[in-house]
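Q: need the 3D shape of this:
(chains A, B and C)
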Amino acid sequence: MSTSQNRSLKLEPVSGSQHAVRLTISNPPINLTNSVLLAELHGYLTYLESNPDKAPKVAVISSDHADIWVSHLDLHIVSAQYPLPSSEGESGHFLHLLGHILRLFRTFPVLFVAEVNGLAVGGGNEFAVNMDMRFAGPAARFGVPEVAGGIVHGGGLQSLTKLIGPGRALEMMTSSRALTATEAEKYGLVNRAFSTANELRKYVDALAARIAKFPQGGIAGTKQGVRECLDGVGSVNTDMQRLGQLAHTGDAQGSISKLIEFGGDQSKGDFELGLPDTADQLWV
Amino acid sequence: MSTSQNRSLKLEPVSGSQHAVRLTISNPPINLTNSVLLAELHGYLTYLESNPDKAPKVAVISSDHADIWVSHLDLHIVSAQYPLPSSEGESGHFLHLLGHILRLFRTFPVLFVAEVNGLAVGGGNEFAVNMDMRFAGPAARFGVPEVAGGIVHGGGLQSLTKLIGPGRALEMMTSSRALTATEAEKYGLVNRAFSTANELRKYVDALAARIAKFPQGGIAGTKQGVRECLDGVGSVNTDMQRLGQLAHTGDAQGSISKLIEFGGDQSKGDFELGLPDTADQLWV
Amino acid sequence: MSTSQNRSLKLEPVSGSQHAVRLTISNPPINLTNSVLLAELHGYLTYLESNPDKAPKVAVISSDHADIWVSHLDLHIVSAQYPLPSSEGESGHFLHLLGHILRLFRTFPVLFVAEVNGLAVGGGNEFAVNMDMRFAGPAARFGVPEVAGGIVHGGGLQSLTKLIGPGRALEMMTSSRALTATEAEKYGLVNRAFSTANELRKYVDALAARIAKFPQGGIAGTKQGVRECLDGVGSVNTDMQRLGQLAHTGDAQGSISKLIEFGGDQSKGDFELGLPDTADQLWV
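A: The predicted structure follows:
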């Protein structure tokens, strides 16, 4: 998809990779989850759904706003007193788009990586916790104002609870207080927190480019197995069947041959001792 | 409920809040989970069940004992050699009360907050892990002597495993060694550990009073969603339906209007950048 | 079982305990999960299955290799280009053994403790995460090269995700980069990491010997309850029924009597205040 017609999204390759993209959200003044952002993000994801051959293996989602990653849902979408101008569209339509976006983050076979260095609040936090991984810079703050507003964190409650456990999820959701980057790392909301925006960017770019070198089948199968685990329907048997099917592919058999060759037929040496890190030598 | 007739429980408001209470357990000499404590705690909780309009939003549970938060079940309740005096009641009855208390902690729409600064052992640990959140002071110790005693941590096993993961839960439950406050925080058994009893009290009081300002619907809905998550029956759809119902209430619509007004119609400013923390300005 | 005929396994008691064993894996040059190791490990575990009275309560699994705990599956078992010599056996047979070994780690009523001070990679990581607890020395590294090889971490995906959460599990499995001992402890993959091999050994030996003093019923019931929790079929009711059955055994009733006697009938003193740690005095 060309995103040149998009106002709120900028798409570019990561480190020149064909298979890793960076999606920068730019929706001033506060990166609100409004009709424009919802429609354009939904458009991008459903384009990938219809054109899976054009989908990247990894999509990093970041923001060009100094203080905000992604802010909450446009309140006019849910306000009776201050409703959305009818010219902008139907409220119900945009709530549907939000639900579909979150479902695609959870299930579409692309690894969605949230690179958060600013406020992720309300709908913005829903985006983050429904993605596959999260990394934080020093300005990251994660927050849930919904309970203070009389509602619940509908699209994020399940994922958040699975990430940080019930006790901390309940505190975060009912207290309307933000987690800092350091707390988010300590509790497992993000994989890692970094001291500078530069380190964050460098780590995420390297990770995305590295993963994007590996065959798509294993990446997609891994995401699916983890999703089944989270949905309470995972099993070793299913994962083993998936492994069995993938093992017959050319990607896998070619890799297995190279692993045997590079490791001196499984002898003691730098390649075997350096696994799993050295396995990137298969894809140079 | 007046608790003036209770011997083992003291009830008082938190920081003058109408909706947050502190329940202090005082059952000398060792805060044993005995017939008195079980009957009185059960009486309080079932009173709330029958009079939900009198229920607080948050209930903090602490102890007035210098070394013990809540100790194990009165062993006479389960001993053949040294049985409970028949004048005290039926063993089976008290085991039933214990099971019902733990179920109410898990499911009744009040946030139960364990403020632990002493030993939580056996039944005491079951109390703690079945509550919604736990905070620890320097004297906190969490322990499971059941396996050393030939049995299992029946009422706490599921909740504990979900809080700290299978590896650490198995070690804690089979080794009969206590976790310190620091370990409990590191493993996620408590949300936070504090260096002094005073800091612990201050944090918990502020948290309880803050949450108690927010509408009951979102608090209850959040607890229910987290419970469904833990019970393996949660779903984004259910949470979204709950959100949809709450969004039509006066509490929610009033909040949404205020959020729009306080934030300058979602413009870049202190209110929006300070979310979710600034959302407490809605309820002053 | 005598393991004297085994080439890849050495069996010895832990600290002279009758009920805790150490199983040292010795399969040069790289502790490969090959036909020999699979057959011998499977032989040991199925021997225990057929002779449960000879099973230990705790089995520590360590390695005598300086750099490797357990390495990946012998690639010849899954290679079309470089297949297993037919003299060595059927590939399908060894994959079946691997699946059965992992299932026995998860379900057989022995606590399997991985003492890891070296590389646990691929199948080796599957061994580790399917055991009940993991402890790490300074040389421990945990890794998953499968996705780089075009497949998935079939036998470890579910357990790993439950241990370290979806975000970190996805990163570990798709990036083909190892976790260090420190990271593994921080993320909850291991219960604890130690700075020296000696401290690791000392801690694990003491833990195994301590647990092995306690009655088998509570250990087995605890493992079963945790397994049910992980499989999404656990419930407080089931655990309570298990408790009820165990409470009638001689082990439990004898312990309860001693607990009452040692604690001065539940009075305030060193025994009660020192619980659960002091409960080992029941078994000296």
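Q: can you give me the strands in the stretch 151-284 of chain A?
A: Secondary structure of the stretch 151-284 of chain A (DSSP state E, counting those that start in this stretch): strands located at A:179-180, A:192-193.
Q: ranking those strands by burial, who's on top?
A: Of all the strands of the stretch 151-284 of chain A, strand A:192-193 has the most neighbours on average by mean count of other Cβ atoms under 10 Å in any protein chain shown, namely a mean of 22. Any C-beta I mention is one placed from the backbone N, CA and C, and that applies to glycine too.
Q: sheet partners, orientation included, of that strand?
A: strand A:133-136 (parallel) (DSSP bridges).
Q: immediately after the strand it pairs with, which helix or strand?
A: Downstream of strand A:133-136, the next assigned helix or strand under DSSP states H and E is strand A:141-143.
Q: quick revisit: which one of the strands of the stretch 151-284 of chain A lies nearest to A:Ser63?
A: A:Ser63 lies closest, by Cβ to Cβ, to one member of the strands of the stretch 151-284 of chain A: strand A:192-193, at 16.4 Å.
Q: for the closest one, what does the pLDDT average out to?
A: Mean pLDDT, strand A:192-193: 98.
Q: likewise stretch A:60-71?
A: In this model, stretch A:60-71 has an average pLDDT of 97.
Q: could you dump the strands of the stretch 151-284 of chain A to CSV with distance to C:Ile101?
A: Formatted as CSV, these follow (distance: least, Cβ to Cβ, whole Å):
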stretch, distance to C:Ile101
strand A:179-180, 40
strand A:192-193, 33
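Q: looking at these, which is nearest to C:Ile211?
A: Of all the strands of the stretch 151-284 of chain A, strand A:192-193 sits nearest to C:Ile211, with 34.3 Å by Cβ to Cβ.
Q: what does that closest one contact?
A: A:135-138, A:140, A:181-182, A:184-185, A:203 (Cβ atoms under 8 Å, 6 or more residues apart in numbering or on different chains).
Q: hmm, 10 Å instead?
A: By Cβ atoms under 10 Å, 6 or more residues apart in numbering or on different chains, the residues outside strand A:192-193 that reach it are A:116-117, A:133-138, A:140, A:180-186, A:199-200, A:203-204, A:207, C:167-168, C:171, C:183.
Q: quick one, which of those residues are buried?
A: For these, a burial check counting by 16 or more other Cβ atoms under 10 Å in any protein chain shown picks out A:116-117, A:133-137, A:140, A:181, A:183-186, A:200, A:204, A:207, C:167-168, C:171, C:183.
Q: keep only those of the residues you listed that are in helices.
A: A:181, A:183-186, A:200, A:204, A:207, C:167-168, C:171, C:183 (DSSP state H).
Q: who are the contact partners of the residue in the stretch 1-150 of chain A positioned nearest to chain C?
A: Using Cβ to the nearest Cβ, A:Met133 is the residue of the stretch 1-150 of chain A that sits closest to chain C, at 4.6 Å. With contact set as Cβ under 10 Å, 6+ apart, A:Met133 has these partners: A:58, A:60, A:111-115, A:190-192, A:204, A:207-208, A:211, C:166-171, C:174-175.
Q: now do A:Gln158
A: When contacts are counted by Cβ under 10 Å, 6+ apart, A:Gln158 touches A:106, A:129-130, A:169, A:230-231, B:225-226, B:228-229, B:234-239.
Q: which members of these additionally contact chain C?
A: Restricting the contacts of A:Gln158 to those touching chain C (Cβ under 10 Å from any Cβ of the partner chain) yields A:106, A:129, A:230-231.
Q: most neighbours, which of these?
A: In terms of neighbours by other Cβ atoms under 10 Å in any protein chain shown, the ones next to chain C among the contacts of A:Gln158 top out with A:Val129 at 29 neighbours.
Q: and that one, how far from A:Lys213?
A: Separation of A:Val129 from A:Lys213 (Cβ to Cβ, to the nearest Å): 27 Å.
Q: just A:Thr161 next, same as before
A: For A:Thr161, the distance to A:Lys213 equals 34 Å [Cβ to Cβ].
Q: these two - which one has more neighbours?
A: Taking neighbours as other Cβ under 10 Å, A:Thr161 and A:Lys213 compare with A:Thr161 leading, 27 against 16.
Q: about what we covered before: okay if I get the ones in helices among the buried ones among the contacts of strand A:192-193 as TSV plus pLDDT and distance to chain B?
A: Shown next, in TSV, are these (pLDDT from 0 to 100; distance: Cβ to the nearest Cβ, whole Å):
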residue	pLDDT	distance to chain B
A:Ala181	98	15
A:Glu183	98	10
A:Ala184	98	14
A:Glu185	98	13
A:Lys186	98	9
A:Leu200	98	20
A:Val204	98	24
A:Leu207	98	24
C:Gly167	98	15
C:Arg168	98	12
C:Glu171	98	18
C:Glu183	98	14
